[in-house]
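Colleague: What follows is a protein structure lacking sequence information:
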Ligand code: NAI
């Protein structure tokens, strides 16, 4: 097959931006154009202030932009002029209609497919980058074939799910554990399309790390991978509740089980819960697919992973309220961290949102500080009513001064480096620390005078008595 020289990517988000930047960097012979319907997003990609924060991303974009990496709102033009089209538009959970709250909303995907069909004057390889329900490629193929006004234009559809993690996207893209490409490998044209995409990745990914599969397996593998990852977090979080009840230490338990090579040590940190745009949505989608295929038991099994995550967040809020003498009404609570994980400014499905609402419902005043999240984003997530009880702070000191308690919502490294002795000095007494990420030195905090609640750790005697627990 002739190597690809022109690529277009529809959707300049957390996936489209970084993945295309990496292709441009690794393949100087390929011209890459990333398009989006959002003018502000494209303007930001063309400015010195990129729309997303991701360590190492700026350098790559600034190096390639204007050479073989372009950002544009000319969706039609980019589609017409390229050989291969990546589609990485958002696929959120449906908010209304059939499958509401469960199924993936493919509105954006379908719109993208219709635009591709209308503008394509030559053969295209379409690459599904978005996470989609199983057999989406089949539906998309129909939309493409039936809507293309030009005779003889051929569309080959591939599934190439993205496994990058936000916060480490550049490292993940530079050296992926594997690249997965699904296609119609049973026929020659389908195989040629797969080969063309393999050709792109093999500019930097070792051949043995490029896996090929049939379309449906590739689509399902992405949902399965996210379900398994989230399941590990919910499993260790379930253990954290049991640890608190029994006096075991969840970090000792996770270390002990993680050293078993069959289990492995990654993704075994207890926390206030998983967040991000993908885990919950993909599990709900997976469960919905199971339901639709008459597999309610399988659906229920995966659904419980989301249920455990909700339980962990509400358990954390209850613990905070009961520790603070069963009332937080009018109390100032400093929330350190708001993003769903460190090294990203992404707040989608962040546990801080539910925890924040839980605290405000009980009358608390929140001082939120996050190194990478803008006040406008917090206002958007929390809503007008809640914002009456929220102050967005520019520094951690501002957020902590006069606070009765501090809760750690994101595992930002900088929180570990703070002068906690000085912080104790500016807080109300008794001063509480609720560590939802297990990143602080709890013994040191106790020595300073803080009352400490750390998820899954033996409870501070003060907390036990406050709750009347044994
Ligand atoms: P995003 O919301 O950051 O970006 C999607 C972009 O697509 C938006 O800028 C939107 O304006 C644009 N868009 C929507 N419809 C369009 C259309 N018809 N034409 C042109 N542009 C259009 O979403 P994100 O996070 O990049 O996710 C994209 C997909 O990748 C989702 O399916 C997600 O599940 C999947 N994914 C996300 C990962 C993540 O870490 N965020 C990781 C792996 C997969």
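Modeller: It's in. Quick caveat, the model's predicted, so the values are computed rather than measured. Residues are numbered from 1 along each chain as shown.
Colleague: what's the most centrally placed residue in the chain in contact with, if anything?
Modeller: The centroid of the chain falls nearest to residue 276 when counting by C-alpha atoms, centre = their mean (3.2 Å). Residue 276 makes contact with 166, 340, 341, 346, 348, 349, 350, according to C-beta atoms under 8 Å, 6 or more residues apart in numbering. All C-beta atoms are positioned from the backbone trio N, CA, C, and that covers glycine.
Colleague: what do you get for residue 60?
Modeller: Counting by C-beta under 8 Å, 6+ apart, residue 60 touches 21, 22, 24, 25, 170.
Colleague: Going through the residues you listed, which ones are buried?
Modeller: 21, 22, 24, 25, 170 (16 or more other C-beta atoms under 10 Å).
Colleague: any idea how far the residue nearest to the first one when sequence neighbours are not counted lies from residue 84?
Modeller: I take that to be residue 21. Excluding the flanking residues, the one nearest residue 21 by C-beta to C-beta, 6 or more residues apart in numbering is residue 60, at 4.6 Å. Separation of residue 60 from residue 84 (C-beta to C-beta, to the nearest Å) stands at 20 Å.
Colleague: Check residue 230 too.
Modeller: For residue 230, the distance to residue 84 equals 31 Å [C-beta to C-beta].
Colleague: Also residue 198?
Modeller: Residue 198 sits 12 Å away from residue 84, taking C-beta to C-beta as the criterion.
Colleague: And the strands in the stretch 201-350 of the chain, which stretches?
Modeller: Assigned by DSSP state E, counting those that start in this stretch, the stretch 201-350 of the chain shows strands spanning 210-214, 332-336.
Colleague: Do a quick rundown of the helices in the stretch 51-200 of the chain.
Modeller: Taking DSSP state H, counting those that start in this stretch as the criterion, the stretch 51-200 of the chain contains helices spanning 57-64, 75-80, 107-119, 136-147, 169-174, 188-201.
Colleague: Of all those, which one comes closest to residue 436?
Modeller: Proximity to residue 436 (C-beta to C-beta) singles out helix 169-174 among the helices of the stretch 51-200 of the chain, at 23.8 Å.
Colleague: Show me what counts as buried in the closest one.
Modeller: Applying 16+ other C-beta under 10 Å to helix 169-174 flags 169, 170, 172, 173 as buried.
Colleague: mind checking pLDDT for the residue in the stretch 151-300 of the chain that the ligand sits nearest to?
Modeller: Nearest residue of the stretch 151-300 of the chain to the ligand (C-beta to the nearest ligand atom) works out as residue 162 at 4.0 Å. pLDDT, residue 162: 97.
Colleague: can you tell me which residues contact it?
Modeller: 15, 19, 88, 129, 131, 222.
Colleague: what's the answer for residue 117, then?
Modeller: Counting by C-beta under 8 Å, 6+ apart, residue 117 has contacts 143, 144, 145, 146, 147, 148.
Colleague: Residue 6 now?
Modeller: So residue 6 contacts 30, 31, 33, 81, 82, 83, 84 (C-beta under 8 Å, 6+ apart).
Colleague: Show me what it bridges to in the sheet.
Modeller: In this entry, residue 6 is beta-bridged to residue 31, by DSSP bridges.
Colleague: Can you tell me how far it is from the ligand?
Modeller: Per C-beta to the nearest ligand atom, to the nearest Å, residue 6 is found 18 Å from the ligand.
Colleague: Kindly report the residues of the protein close to the ligand.
Modeller: 10-16, 35-38, 41, 75, 88-91, 108, 111-112, 130-131, 162, 164, 166, 277-278 (C-beta under 6 Å from any ligand atom).
Colleague: Show me which of those residues are buried.
Modeller: Buried among those (16+ other C-beta under 10 Å): 10-16, 35-37, 41, 75, 88-91, 108, 112, 130-131, 162, 164, 166, 277-278.
Colleague: from the residues you listed, which ones fall inside strands?
Modeller: Using DSSP state E, the members of those that fall within strands are 10, 35.
Colleague: In the stretch 301-450 of the chain, what residue comes closest to the ligand?
Modeller: For the stretch 301-450 of the chain, C-beta to the nearest ligand atom, closest residue to the ligand: residue 346, 7.0 Å.
Colleague: That residue: what's it in contact with?
Modeller: Per C-beta under 8 Å, 6+ apart, neighbours of residue 346: 14, 52, 166, 276, 277, 339, 340.
Colleague: Check residue 134 too.
Modeller: Residue 134 sits in contact with 216, 219, 220, 223, 289, where contact means C-beta under 8 Å, 6+ apart.
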